[in-house]
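A.B. asks: show me how the following folds:
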Amino acid sequence: MMYCGDDMLMLSGIQHFRFCPRQWALIHIDQQWDDNRLTMEGSLMHQHADDPFYRQKCGDYISLRSVSVASYQLGLYGVTDVVELHPADDDENAISHPRYPGWWLPYPVEYKHGKPKKHEEDEVQLAAQAMCLEEQYDIRIDYGAIFYAEIRHRVEVAISEKLRQIVTDCARQMHEIFSSGQLPTIQRGRHCEKCSLKNICMPESVDCTRVSHYLKKNLYEETS
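C.D. replies: As a prediction, this is how the structure comes out:
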């Protein structure tokens, strides 16, 4: 299936969807958002990576920031953190660049503020970026990397068939849910504790004792 421009969804949402489909729907269907420490740290870090006019020659490779990508097969569009161009000779997967002579292999790099996770939501987002680049340039990208600020180290990721299938399945489900306009049901788990939308998603989880104490101290005492 090929999606048209009006049907495209934000690529960055695939990480939210893999973490929790309901979180993704709250953000991308209900337009809900709330920052916590983790999301604010991530936003601050990306300020340094998301400069579309920044290009850097780093030894043998070129670093391009905020590269626009899209896949009409997946129905996703977005902007990468960094795409490195590594020199290549006579490679069928190499591309040219108008500012730099020669042939180059694209190597997407995603920046994260934390550390590697047990689940593959970061890897899925990186793979989706690679698949967009593949469709745009009619090439194949076998590897990318994720830089984690907490460990100050990049982790290379193989864009495996497993990851590609997860991306394809997530993109299809995202479009199905978006078309329905219905929020997925709550799937409670340990991941809920790290979710910035916990109080919006599950308002009954707010500590009523703390709220009552706050009201007694700040409201009732003023009116007495």
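
A.B. asks: C-alpha from now on. contacts and neighbour counts both.
C.D. replies: Will do.

A.B. asks: I'd like to know which helix or strand in this structure has the lowest mean pLDDT.
C.D. replies: Sorted by mean pLDDT, DSSP states H and E, the helices and strands of the chain end with helix 208-215, the least confident at a mean of 42.

A.B. asks: Ile27 - that's part of a strand, no?
C.D. replies: No: secondary structure of Ile27 (DSSP: H, G, I helix; E, B strand; the rest coil): helix, not part of a strand.

A.B. asks: tell me, how many residues neighbour it?
C.D. replies: 16 (other CA atoms under 10 Å).

A.B. asks: for Glu150, which residues are in contact?
C.D. replies: Taking CA atoms under 8 Å, 6 or more residues apart in numbering as the criterion, Glu150 is in contact with 113-115.

A.B. asks: which one of those sits in the busiest neighbourhood?
C.D. replies: His113 (20 neighbours).

A.B. asks: ok, the residue nearest to that one when sequence neighbours are not counted - contacts?
C.D. replies: Counting by CA to CA, 6 or more residues apart in numbering, Ala149 is the residue found nearest to His113 once chain neighbours are left out, at 4.7 Å. Contact analysis of Ala149 by CA under 8 Å, 6+ apart lists 111-115.

A.B. asks: how about Ala149, phi and psi?
C.D. replies: Per-residue torsions, Ala149: phi -70, psi -30 (degrees, to the nearest 10).

A.B. asks: beyond the longest strand that the chain contains, next helix or strand please.
C.D. replies: If you go by DSSP state E, the chain has its longest strand at strand 100-112. Downstream of strand 100-112, the first helix or strand assigned by DSSP states H and E is helix 121-137.

A.B. asks: next SSE after that next one?
C.D. replies: Following helix 121-137 in sequence order, the next helix or strand is strand 143-148 (DSSP H and E).

A.B. asks: check the offset of that next one from the chain's centre.
C.D. replies: 13 Å (CA atoms, centre = their mean, to the nearest Å).

A.B. asks: also stretch 128-147?
C.D. replies: Chain-centre distance of stretch 128-147: 14 Å, with CA atoms, centre = their mean.

A.B. asks: any idea how far apart the tips of that stretch sit?
C.D. replies: Terminal residues of stretch 128-147 lie 16 Å apart, using CA to CA, to the nearest Å.

A.B. asks: the helices in the chain, which residues?
C.D. replies: Taking DSSP state H to define them, one finds helices in the chain at 13-19, 21-28, 37-46, 121-137, 161-180, 198-201, 208-215, 221-223.

A.B. asks: would you mark the buried spots in the longest strand of the chain?
C.D. replies: Within strand 100-112, the residues scored as buried using 16 or more other CA atoms under 10 Å are 103-112.

A.B. asks: show me what it is in contact with.
C.D. replies: 42, 45-46, 49, 80-90, 93-97, 126, 129-130, 141, 143-149.

A.B. asks: angle of it against strand 143-148?
C.D. replies: Orientation check (axes from the mean of the first three to the mean of the last three CA atoms, to 10 degrees): strand 100-112 against strand 143-148 gives 50 degrees.

A.B. asks: state the pLDDT value of Leu105.
C.D. replies: We have a pLDDT of 97 for Leu105.

A.B. asks: let me know the closest of the contacts of Glu150 to Tyr137.
C.D. replies: His113 (29.6 Å; CA to CA).

A.B. asks: any figure for the gap between the residue nearest to His113 and Lys115?
C.D. replies: According to CA to CA, Ala149 and Lys115 sit 7 Å apart.

A.B. asks: any regions of this protein where pLDDT drops low?
C.D. replies: Regions of the chain meeting the criterion pLDDT under 70 cover residues 33-59, 188-224.
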